[in-house]
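[1] Dropping the sequence and predicted coords here.
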Amino acid sequence: MTQFSESELTEAVVESFDATPDARAKFLLQELVTSLHDYVRKTGLTFEEWDYAIDFLTRTGHKCTDIRQEFILLSDVLGVSMLVDAVNHRDRAGATETTVLGPFYVGEHKVMPHGTDISPRNQTGEKMFVQSRVTDNHGKPIAGVPVDVWHADNDGFYDSQKPNYDETGPSARARFVTDADGRFTFRTILPCSYPVPTDGPVGEMLLQTKRHPMRPAHVHFLVNAKGYEPLITHVFIGGDKYLESDVVFGVKDELIAKVEQRNDPAMPDGTKAAAPWHLMTYEFHLKPGGGIAPKPLGTKVVETA
Ligand code: BEZ
Ligand code: FE
(Lines give C-alpha, C1' and ligand atoms only; values in the text may rest on other atoms or scores of the structure.)
(Ligands and ions follow the chains in the order given, each with its own letter.)
Protein backbone atom coordinates (compact mmCIF):
# COMPACT_ATOMS: atom_id res chain seq x y z
CA MET A 1 0.00 0.00 0.00
CA THR A 2 1.36 3.48 -0.85
CA GLN A 3 -1.29 5.65 0.73
CA PHE A 4 -2.44 5.30 4.35
CA SER A 5 -5.34 6.47 6.45
CA GLU A 6 -4.43 7.73 9.94
CA SER A 7 -4.90 4.31 11.51
CA GLU A 8 -3.36 2.39 8.59
CA LEU A 9 -0.26 4.55 8.94
CA THR A 10 0.19 3.44 12.55
CA GLU A 11 -0.25 -0.21 11.59
CA ALA A 12 2.28 0.14 8.75
CA VAL A 13 4.93 1.67 11.01
CA VAL A 14 4.32 -0.98 13.69
CA GLU A 15 4.65 -3.72 11.06
CA SER A 16 7.86 -2.17 9.75
CA PHE A 17 9.52 -3.38 12.97
CA ASP A 18 8.20 -6.96 12.66
CA ALA A 19 11.58 -8.42 11.71
CA THR A 20 13.45 -6.91 14.68
CA PRO A 21 15.56 -9.83 15.95
CA ASP A 22 15.39 -8.85 19.63
CA ALA A 23 11.83 -9.55 20.84
CA ARG A 24 11.96 -7.01 23.67
CA ALA A 25 13.33 -4.25 21.39
CA LYS A 26 10.59 -5.02 18.86
CA PHE A 27 7.91 -4.81 21.57
CA LEU A 28 9.27 -1.54 22.99
CA LEU A 29 9.50 0.12 19.55
CA GLN A 30 6.06 -0.99 18.42
CA GLU A 31 4.46 0.22 21.67
CA LEU A 32 6.33 3.52 21.40
CA VAL A 33 5.04 4.11 17.87
CA THR A 34 1.49 3.23 18.95
CA SER A 35 1.61 5.65 21.92
CA LEU A 36 3.21 8.47 19.91
CA HIS A 37 0.71 8.15 17.07
CA ASP A 38 -2.18 8.10 19.58
CA TYR A 39 -0.80 11.32 21.10
CA VAL A 40 -0.63 13.06 17.71
CA ARG A 41 -4.17 11.98 16.79
CA LYS A 42 -5.66 12.79 20.20
CA THR A 43 -4.12 16.26 20.38
CA GLY A 44 -4.44 17.13 16.68
CA LEU A 45 -0.81 18.27 16.93
CA THR A 46 -0.04 21.29 14.69
CA PHE A 47 3.15 21.78 12.64
CA GLU A 48 4.16 24.68 14.92
CA GLU A 49 3.74 22.52 18.01
CA TRP A 50 5.76 19.66 16.54
CA ASP A 51 8.50 22.14 15.48
CA TYR A 52 8.52 23.51 19.03
CA ALA A 53 8.84 19.99 20.46
CA ILE A 54 11.74 19.17 18.11
CA ASP A 55 13.48 22.44 19.03
CA PHE A 56 12.91 21.79 22.76
CA LEU A 57 14.42 18.30 22.52
CA THR A 58 17.32 19.61 20.44
CA ARG A 59 18.09 22.24 23.08
CA THR A 60 17.76 19.59 25.78
CA GLY A 61 20.43 17.55 23.99
CA HIS A 62 22.69 20.57 23.54
CA LYS A 63 22.54 21.27 27.28
CA CYS A 64 23.97 17.84 28.11
CA THR A 65 27.64 17.35 28.93
CA ASP A 66 29.60 14.51 30.60
CA ILE A 67 28.38 15.74 33.98
CA ARG A 68 25.10 17.50 33.12
CA GLN A 69 22.18 15.38 31.93
CA GLU A 70 19.22 17.52 30.91
CA PHE A 71 17.32 14.48 29.54
CA ILE A 72 17.41 12.80 32.97
CA LEU A 73 16.13 16.05 34.48
CA LEU A 74 13.33 16.10 31.89
CA SER A 75 12.45 12.51 32.74
CA ASP A 76 12.51 13.45 36.46
CA VAL A 77 10.18 16.47 36.21
CA LEU A 78 7.77 14.55 33.94
CA GLY A 79 7.53 11.81 36.58
CA VAL A 80 8.94 9.21 34.17
CA SER A 81 11.95 8.44 36.38
CA MET A 82 9.67 7.71 39.35
CA LEU A 83 7.34 5.63 37.17
CA VAL A 84 10.24 3.50 35.89
CA ASP A 85 11.34 3.14 39.51
CA ALA A 86 7.79 2.14 40.55
CA VAL A 87 7.27 -0.55 37.91
CA ASN A 88 10.66 -2.05 38.78
CA HIS A 89 10.05 -2.12 42.54
CA ARG A 90 6.47 -3.30 42.75
CA ASP A 91 6.92 -5.71 45.63
CA ARG A 92 9.12 -4.30 48.39
CA ALA A 93 8.44 -7.25 50.77
CA GLY A 94 9.35 -5.14 53.80
CA ALA A 95 12.37 -3.51 52.14
CA THR A 96 12.91 0.26 52.21
CA GLU A 97 11.20 2.26 49.47
CA THR A 98 13.29 3.54 46.58
CA THR A 99 13.40 6.90 44.84
CA VAL A 100 15.31 8.72 42.08
CA LEU A 101 19.11 8.63 41.97
CA GLY A 102 19.30 12.25 40.75
CA PRO A 103 22.12 13.75 38.72
CA PHE A 104 24.58 14.48 41.52
CA TYR A 105 25.87 11.00 42.35
CA VAL A 106 29.55 11.09 41.42
CA GLY A 107 30.48 7.68 42.81
CA GLU A 108 33.76 6.42 44.23
CA HIS A 109 33.10 8.11 47.54
CA LYS A 110 35.96 7.93 50.02
CA VAL A 111 35.42 5.54 52.94
CA MET A 112 35.31 7.55 56.15
CA PRO A 113 35.29 6.46 59.81
CA HIS A 114 31.99 6.45 61.65
CA GLY A 115 31.16 9.81 63.19
CA THR A 116 33.11 11.81 60.55
CA ASP A 117 31.85 15.35 60.04
CA ILE A 118 31.12 15.69 56.30
CA SER A 119 29.61 19.20 56.57
CA PRO A 120 30.14 21.27 53.44
CA ARG A 121 33.03 23.76 53.59
CA ASN A 122 32.37 27.32 54.78
CA GLN A 123 28.80 26.59 55.65
CA THR A 124 26.88 27.93 58.56
CA GLY A 125 24.03 25.41 58.76
CA GLU A 126 22.90 23.84 62.01
CA LYS A 127 24.62 20.55 62.78
CA MET A 128 22.93 17.17 62.32
CA PHE A 129 23.96 13.78 63.70
CA VAL A 130 22.85 10.81 61.59
CA GLN A 131 22.55 7.39 63.21
CA SER A 132 21.55 4.60 60.91
CA ARG A 133 21.50 0.86 60.49
CA VAL A 134 21.26 -1.56 57.59
CA THR A 135 19.29 -4.80 58.01
CA ASP A 136 17.62 -7.30 55.72
CA ASN A 137 13.86 -7.15 55.24
CA HIS A 138 13.39 -9.29 58.39
CA GLY A 139 15.49 -7.04 60.63
CA LYS A 140 18.74 -9.06 60.59
CA PRO A 141 21.70 -6.62 60.68
CA ILE A 142 24.03 -6.67 57.69
CA ALA A 143 27.71 -5.99 58.45
CA GLY A 144 30.38 -4.60 56.11
CA VAL A 145 27.95 -2.88 53.71
CA PRO A 146 29.21 0.23 51.85
CA VAL A 147 26.71 3.09 52.12
CA ASP A 148 27.23 6.13 49.88
CA VAL A 149 25.84 9.38 51.27
CA TRP A 150 25.54 12.76 49.55
CA HIS A 151 23.53 15.96 50.02
CA ALA A 152 23.38 19.59 48.97
CA ASP A 153 25.18 22.49 50.65
CA ASN A 154 23.37 25.05 52.71
CA ASP A 155 23.19 27.27 49.61
CA GLY A 156 21.23 24.54 47.79
CA PHE A 157 24.03 23.35 45.49
CA TYR A 158 25.91 20.06 45.37
CA ASP A 159 29.74 20.22 45.47
CA SER A 160 29.84 18.85 41.91
CA GLN A 161 27.79 21.83 40.65
CA LYS A 162 30.41 24.32 41.84
CA PRO A 163 32.79 25.68 39.20
CA ASN A 164 35.90 24.93 41.31
CA TYR A 165 34.91 21.32 42.12
CA ASP A 166 38.00 19.92 40.35
CA GLU A 167 40.29 21.81 42.74
CA THR A 168 38.28 21.65 45.98
CA GLY A 169 37.14 18.02 45.67
CA PRO A 170 34.16 16.42 47.36
CA SER A 171 32.24 17.78 50.30
CA ALA A 172 29.00 16.63 51.92
CA ARG A 173 29.56 13.18 50.41
CA ALA A 174 31.22 10.04 51.76
CA ARG A 175 31.06 6.28 52.02
CA PHE A 176 30.52 4.56 55.38
CA VAL A 177 30.80 0.83 55.96
CA THR A 178 28.39 -0.77 58.44
CA ASP A 179 29.78 -2.35 61.64
CA ALA A 180 29.02 -5.85 62.97
CA ASP A 181 25.56 -4.68 64.07
CA GLY A 182 24.81 -3.05 60.69
CA ARG A 183 25.26 0.46 62.14
CA PHE A 184 26.96 3.61 60.89
CA THR A 185 26.94 7.25 62.02
CA PHE A 186 28.13 10.57 60.66
CA ARG A 187 27.83 14.28 61.30
CA THR A 188 26.87 16.98 58.83
CA ILE A 189 24.53 19.97 58.60
CA LEU A 190 20.76 19.89 58.38
CA PRO A 191 20.17 20.02 54.60
CA CYS A 192 17.79 22.56 53.09
CA SER A 193 15.32 22.42 50.20
CA TYR A 194 16.83 23.45 46.86
CA PRO A 195 15.87 23.98 43.21
CA VAL A 196 16.78 21.56 40.43
CA PRO A 197 18.92 23.25 37.74
CA THR A 198 16.74 25.85 35.98
CA ASP A 199 19.23 27.31 33.48
CA GLY A 200 18.19 24.97 30.64
CA PRO A 201 15.08 24.01 28.64
CA VAL A 202 13.66 22.02 31.56
CA GLY A 203 13.85 25.11 33.78
CA GLU A 204 12.18 27.10 31.00
CA MET A 205 9.34 24.55 30.89
CA LEU A 206 8.87 24.74 34.68
CA LEU A 207 8.78 28.54 34.54
CA GLN A 208 6.35 28.71 31.61
CA THR A 209 4.01 26.18 33.19
CA LYS A 210 4.09 27.94 36.59
CA ARG A 211 5.66 24.95 38.33
CA HIS A 212 8.17 25.59 41.10
CA PRO A 213 11.59 23.90 40.75
CA MET A 214 12.04 22.89 44.40
CA ARG A 215 12.97 19.58 46.01
CA PRO A 216 12.30 19.09 49.74
CA ALA A 217 15.42 18.78 51.93
CA HIS A 218 16.91 15.30 51.85
CA VAL A 219 20.03 13.18 52.14
CA HIS A 220 20.78 10.65 49.38
CA PHE A 221 21.75 7.07 50.26
CA LEU A 222 22.96 4.28 48.02
CA VAL A 223 23.25 1.02 49.96
CA ASN A 224 24.91 -1.74 48.02
CA ALA A 225 25.32 -5.12 49.76
CA LYS A 226 26.30 -8.41 48.10
CA GLY A 227 23.29 -10.72 47.82
CA TYR A 228 20.75 -7.86 48.01
CA GLU A 229 19.16 -5.44 45.54
CA PRO A 230 21.08 -2.14 45.52
CA LEU A 231 18.95 0.39 47.41
CA ILE A 232 18.82 3.88 45.88
CA THR A 233 16.88 6.20 48.09
CA HIS A 234 16.70 9.48 50.03
CA VAL A 235 15.73 10.29 53.58
CA PHE A 236 13.63 13.44 53.64
CA ILE A 237 13.58 15.92 56.52
CA GLY A 238 10.13 15.86 58.15
CA GLY A 239 8.27 19.19 58.12
CA ASP A 240 9.82 20.53 54.89
CA LYS A 241 7.35 22.75 53.05
CA TYR A 242 8.00 21.07 49.67
CA LEU A 243 7.27 17.47 50.78
CA GLU A 244 3.83 17.65 49.14
CA SER A 245 5.05 19.15 45.86
CA ASP A 246 8.51 17.75 45.09
CA VAL A 247 9.28 18.82 41.51
CA VAL A 248 10.44 15.26 40.67
CA PHE A 249 7.64 13.44 42.56
CA GLY A 250 10.24 11.51 44.57
CA VAL A 251 8.74 11.63 48.09
CA LYS A 252 7.30 8.52 49.74
CA ASP A 253 5.79 8.68 53.24
CA GLU A 254 8.10 5.97 54.55
CA LEU A 255 11.16 7.99 53.53
CA ILE A 256 10.27 11.02 55.67
CA ALA A 257 12.32 11.00 58.87
CA LYS A 258 11.31 12.74 62.06
CA VAL A 259 14.47 14.74 62.60
CA GLU A 260 14.55 15.77 66.27
CA GLN A 261 15.78 19.19 67.29
CA ARG A 262 18.12 18.80 70.29
CA ASN A 263 19.69 21.18 72.77
CA ASP A 264 21.96 18.77 74.70
CA PRO A 265 25.61 19.85 74.87
CA ALA A 266 26.88 16.68 73.14
CA MET A 267 25.88 14.41 70.27
CA PRO A 268 25.40 10.62 70.78
CA ASP A 269 29.10 9.95 70.09
CA GLY A 270 30.15 12.51 72.71
CA THR A 271 31.07 15.27 70.23
CA LYS A 272 30.31 18.71 71.71
CA ALA A 273 27.60 20.51 69.76
CA ALA A 274 26.18 24.03 69.80
CA ALA A 275 22.43 24.05 70.32
CA PRO A 276 20.24 23.58 68.48
CA TRP A 277 21.46 20.51 66.64
CA HIS A 278 19.41 17.80 64.93
CA LEU A 279 19.22 14.04 65.22
CA MET A 280 18.27 11.90 62.23
CA THR A 281 17.59 8.23 62.96
CA TYR A 282 16.79 5.92 60.06
CA GLU A 283 17.03 2.19 59.32
CA PHE A 284 17.43 0.74 55.83
CA HIS A 285 16.01 -2.67 55.02
CA LEU A 286 17.41 -4.52 52.01
CA LYS A 287 15.63 -6.96 49.74
CA PRO A 288 17.48 -10.19 48.96
CA GLY A 289 18.45 -10.47 45.30
CA GLY A 290 21.02 -8.86 43.10
CA GLY A 291 21.47 -6.10 40.59
CA ILE A 292 24.02 -3.60 39.44
CA ALA A 293 24.38 -0.31 41.29
CA PRO A 294 24.08 2.70 38.97
CA LYS A 295 27.15 4.24 37.40
CA PRO A 296 27.56 7.92 38.18
CA LEU A 297 27.33 10.52 35.41
CA GLY A 298 30.57 11.09 33.56
CA THR A 299 31.68 7.49 34.07
CA LYS A 300 33.59 6.39 31.01
CA VAL A 301 32.68 2.92 29.77
CA VAL A 302 35.91 0.98 29.43
CA GLU A 303 35.74 -1.23 26.35
CA THR A 304 37.15 -4.69 26.94
CA ALA A 305 38.55 -6.61 23.99
C1 BEZ B 1 18.56 15.39 43.45
O2 BEZ B 1 17.92 15.02 44.41
O3 BEZ B 1 19.74 15.59 43.63
C4 BEZ B 1 17.87 15.58 42.13
C5 BEZ B 1 16.99 14.64 41.67
C6 BEZ B 1 16.36 14.83 40.44
C7 BEZ B 1 16.62 15.96 39.70
C8 BEZ B 1 17.51 16.92 40.17
C9 BEZ B 1 18.12 16.74 41.40
FE1 FE C 1 19.31 15.71 45.94
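    Arrived safely, thanks for sending. Ligands and ions are numbered 1, 2, ... in the order given.

[2] Up against ligand 1, what does the stretch 51-200 of the chain have?
    L73, D76, V100, G102, P103, F104, V196 (CB under 6 Å from any ligand atom). In short, each C-beta sits where N, CA and C put it, glycine included.

[3] Tell me the one of those residues nearest ligand 1?
    Of all these, ligand 1 sits closest to G102, with 2.9 Å by CB to the nearest ligand atom.

[4] State the pLDDT value of the nearest residue to the closest one once chain neighbours are set aside.
    Leaving aside its chain neighbours, G102 sits nearest to H220 (6.5 Å; criterion: CB to CB, 6 or more residues apart in numbering). As summarised for this prediction, H220 has a pLDDT of 97.

[5] can you give me phi and psi for H220?
    Note on H220: backbone dihedrals following degrees, to the nearest 10 are phi -90, psi 140.

[6] just E283 next, same as before
    phi -110, psi 140.

[7] which residues does the spatially closest residue to it that is not a sequence neighbour contact?
    Nearest non-adjacent residue to E283, counting by CB to CB, 6+ apart: R133, 4.8 Å away. Going by CB atoms under 8 Å, 6 or more residues apart in numbering, R133 touches P141, T178, D181, G182, R183, F184, E283, F284.

[8] burial count for A19?
    Number of residues near A19 (other CB atoms under 10 Å) recorded here: 7.

[9] Am I right that it is in a helix?
    No. Under DSSP: H, G, I helix; E, B strand; the rest coil, A19 sits outside any helix and is assigned coil.

[10] What separation is there between the residue nearest to E283 and E229?
    With the distance defined as CB to CB, to the nearest Å, R133 ends up 18 Å from E229.

[11] and the one helix or strand in the chain whose mean pLDDT sits lowest, how far from the chain's centre?
    Lowest on mean pLDDT, DSSP states H and E among the helices and strands of the chain sits helix 165-168, with a mean of 80. Distance of helix 165-168 from the chain centroid (CA atoms, centre = their mean, to the nearest Å) equals 23 Å.

[12] For that helix, which outside residues touch it?
    R121, D159, K162.

[13] Which ones among those residues lie within strands?
    Residues of the contacts of helix 165-168 located in strands (DSSP state E): none.

[14] Let me know the closest of those residues to I292.
    D159 (25.1 Å; CB to CB).

[15] check contacts around the closest one.
    Contacts of D159 by CB under 8 Å, 6+ apart are P120, D153, Y165, T168, G169, P170, S171, A172, R173.

[16] which of the residues you listed count as buried?
    P120, D153, P170, S171, A172, R173 (16 or more other CB atoms under 10 Å).

[17] and the closest residue to D269 other than its chain neighbours, helix, strand or coil?
    Counting by CB to CB, 6+ apart, D269 lies nearest to G115, which is 4.7 Å off, once chain neighbours are set aside. Here G115 takes the coil state, with states given by three-state DSSP.

[18] returning to what we had before: do you know how far the residue nearest to E283 is from Y52?
    50 Å.

[19] And T124, by the same measure?
    44 Å.

[20] Could you do T99 as well?
    31 Å.

[21] Just want to know which of these two has more residues nearby.
    T99 (26 against 11).

[22] Please tell me I have it right and that one contacts I256.
    No. Counting by CB atoms under 8 Å, T99 does not reach I256; the two are 11.3 Å apart.

[23] Helices - which of the residues of the stretch 51-200 of the chain next to ligand 1 land there?
    L73, D76 (DSSP state H).

[24] Cross-reference the residues of the stretch 51-200 of the chain next to ligand 1 with the strands and report the matches.
    Among those, DSSP E puts none in strands.

[25] is the residue nearest to E283 in a bridge, and if so with what?
    R183, E283 (DSSP bridges).

[26] With secondary structure and pLDDT added, can I get the buried ones among the contacts of D159 in CSV?
    Shown next, in CSV, are those (DSSP: H, G, I helix; E, B strand; the rest coil; pLDDT from 0 to 100):
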residue, secondary structure, pLDDT
P120, coil, 89
D153, coil, 89
P170, coil, 85
S171, coil, 88
A172, coil, 92
R173, strand, 94
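
[27] buried sites along stretch 206-216?
    L206, P213, M214, R215, P216.

[28] Show me where the chain has its helices.
    Under DSSP H, the chain gives helices at 6-16, 23-43, 47-63, 70-77, 80-88, 165-168, 201-208.

[29] No more questions from me, cheers.
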